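S.K.: Let's see this in three dimensions:
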Amino acid sequence: MMQKRSKFEQFLLTVITILVVLFFMLPVFWLVTTSFKFGREAFAIPPKWLLFEFTWRNYTEVLATTKIGLYLTNSLIISAGATILSLVLGVPAGYAIARSGSRLLNMSAYFFLLLLMVPPVAMLIPFYLIMRDLHLLGSYASLIILDTVFDAAFVVWMMRSYFADVPKEIEEAALVDGASRFAAFWRVALPLSIPGVVAAALYVIIFSWNDFLFALMLTSPATKTIPLGILASFSAVEISWGRMAVMCLFAIVPALVISLFLNRYFIQGVTMGATKG
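M.R.: The predicted structure follows:
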């Protein structure tokens, strides 16, 4: 009886999981189907989910009339720059806080958590004025720096928790063998924390890739990112839902590929690092 009940519960859990996944995948399915529809069918009543007139026109128009290549390139440059800078600053800082014997320095970790709670819009105007005075408006550097302010704070908080979970005895053995503190960090602690580093990097990539507010205020026509390219689908004359769907798919695919590739490290890093400490 218990075995039959267990099988039934497993079957029920599988069905519920499939339904939940289908529910959350519904917007993606809408994007895919809308990208192959003519404008008149995008919001037809009743909705045409499968049986509709198929067309490639939206894709050809996006490739021919928009700067999709430029938007994707700019997003890649800004995301890569913010990720590298956040890791360079955040990983050593997280290690230093985790290995510090100072209570004050350990308490400073909560400052980074507090920084993550600040609404991004509250920092937009001060940073806009700073970038204007530094003559960095419209450049990649302005957006990379501002993204790094938030991203590095998360990296410090996450890596501090992750390094705290790495056994100190391994590093102490390296120090006894004559290694310096930096060598112990670089050759011992960091390799053991690669899943946490990858998880933090994935968060930074996704945040920077999807950033809209900062990009709207700090970029120029030459440095616009893919979220701003999606905004270009809206005009005073019409809203081209088909082209917008195509632009959204171009925005989703790179982030999705990176997420799937790093998924194993992301789950391990989050469960071992961010939920501890």
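S.K.: does Lys224 count as helix, strand or coil?
M.R.: coil (DSSP: H, G, I helix; E, B strand; the rest coil).
S.K.: Would you mind measuring from it to Val156?
M.R.: 30 Å (Cβ to Cβ, to the nearest Å). Where you see a C-beta, it was placed from the backbone N, CA and C, and this is true even at glycine.
S.K.: neighbour-wise, which of those two wins?
M.R.: Val156 (28 against 20; other Cβ atoms under 10 Å).
S.K.: show me the contacts for that one.
M.R.: Leu89, Gly90, Ala93, Gly94, Ile97, Ala109, Phe112 (Cβ atoms under 8 Å, 6 or more residues apart in numbering).
S.K.: Keep only those of those that are in strands.
M.R.: Of the positions in those, not one sits in strands, assigned by DSSP state E.
S.K.: low-confidence ranges in the stretch 51-200 of the chain?
M.R.: Within the stretch 51-200 of the chain, no stretch has pLDDT under 70.
S.K.: who wins for most neighbours among the contacts of Val156?
M.R.: Gly94 (28 neighbours).
S.K.: Against Lys224, how distant is the residue lying closest to that residue once chain neighbours are set aside?
M.R.: Nearest-residue entry for Gly94: Met159, 2.9 Å, with adjacent residues in sequence omitted and distances by Cβ to Cβ, 6 or more residues apart in numbering. As for Met159, its distance to Lys224 is 32 Å (criterion: Cβ to Cβ).
S.K.: Could you measure from the nearest residue to Val28 once chain neighbours are set aside over to Asn263?
M.R.: Distance criterion Cβ to Cβ, 6+ apart; nearest residue to Val28, sequence neighbours excluded, is Ile252 at 7.2 Å. Look at Ile252 and Asn263: by Cβ to Cβ, they are 15 Å apart.
S.K.: burial of Leu22, as a residue count?
M.R.: Residues near Leu22, counting by other Cβ under 10 Å: 10.
S.K.: Looking at the contacts of Val156, which one is closest to Lys168?
M.R.: Ile97 (14.1 Å; Cβ to Cβ).
S.K.: What ranges does the stretch 151-277 of the chain have for its strands?
M.R.: Under the criterion DSSP state E, counting those that start in this stretch, the stretch 151-277 of the chain contains no strands.
S.K.: which residues in it form helices?
M.R.: Ranges of helices within the stretch 151-277 of the chain are 168-176, 181-184, 190-192, 194-210, 213-218, 226-231, 241-261, 263-269, based on DSSP state H, counting those that start in this stretch.
S.K.: Equivalent analysis for the stretch 1-150 of the chain, please.
M.R.: Using DSSP H, counting those that start in this stretch, helices in the stretch 1-150 of the chain cover 2-35, 57-65, 68-99, 103-107, 109-117, 120-133, 140-164.
S.K.: and the third one, what other elements does it pack with?
M.R.: Right, the one you point to is helix 68-99. helix 103-107, helix 140-164, helix 194-210, helix 226-231, helix 241-261 (3 or more Cβ pairs under 8 Å, 6 or more residues apart in numbering; DSSP states H and E).
S.K.: and that helix, how far from the chain's centre?
M.R.: 10 Å (Cα atoms, centre = their mean, to the nearest Å).
S.K.: which parts of that helix are buried?
M.R.: 68, 70-72, 74-76, 78-79, 81-83, 85-87, 89-99 (16 or more other Cβ atoms under 10 Å).
S.K.: contacting residues around Pro227?
M.R.: Here Pro227 is in contact with Ser75, Asn210, Asp211, Phe212, Ala215, Ala251 (Cβ under 8 Å, 6+ apart).
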